[in-house]
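[1] Just the structure for this:
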Amino acid sequence: MLGGGHEVPENRAEAFDWFMRAATKKHPHAQLMVGRYLAYGVAGRKDSAEALVWLKRARAQGVLEADHDIEPLETRPPLASAS
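    Sure, this is the predicted structure:
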């Protein structure tokens, strides 16, 4: 017997789109997930600066676990620019 959504294939890009829709409507846990997806490139796009914005929004709304993801992004040295 199948159930619980386990038979549905994973689609991280689509999941990111749904999280983004909810995040722009100020859903704090969706903001956390958008931040994480961007910080770690889960759906193929990696953007540390934008990740920080979303993670800090989630933190400002009381999602304390965002601190776990914010700290490494703030302390990571910036990437050297190619010349």
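
[2] contacts and neighbour counts: CA atoms only from here.
    Fine.

[3] name the element Lys56 belongs to?
    Secondary structure assignment for Lys56, by DSSP states H and E: helix 48-60.

[4] What mean pLDDT does that helix get?
    Here helix 48-60 scores 97 as its mean pLDDT.

[5] I'd like to check what contacts it. Which residues are they?
    Outside helix 48-60, the residues that touch it by Cα atoms under 8 Å, 6 or more residues apart in numbering are 28-29, 31-32, 34-39, 65-67, 69-70, 73-74.

[6] What subset of those residues is buried?
    Among those, those classed as buried by neighbour count (16 or more other Cα atoms under 10 Å) are 28-29, 31-32, 34-39, 66, 69-70.

[7] Mind putting those into a markdown table with pLDDT, distance to Phe19 and secondary structure?
    Putting the buried ones among the contacts of helix 48-60 into a markdown table (pLDDT from 0 to 100; distance: Cα to Cα, whole Å; DSSP: H, G, I helix; E, B strand; the rest coil) gives the following:
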| residue | pLDDT | distance to Phe19 | secondary structure |
| --- | --- | --- | --- |
| Pro28 | 98 | 10 | helix |
| His29 | 98 | 9 | helix |
| Gln31 | 98 | 7 | helix |
| Leu32 | 98 | 9 | helix |
| Val34 | 98 | 6 | helix |
| Gly35 | 97 | 10 | helix |
| Arg36 | 97 | 11 | helix |
| Tyr37 | 97 | 9 | helix |
| Leu38 | 96 | 11 | helix |
| Ala39 | 95 | 14 | helix |
| Ala66 | 97 | 15 | helix |
| Asp69 | 95 | 17 | helix |
| Ile70 | 96 | 18 | helix |
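
[8] Fine by me, thanks again.
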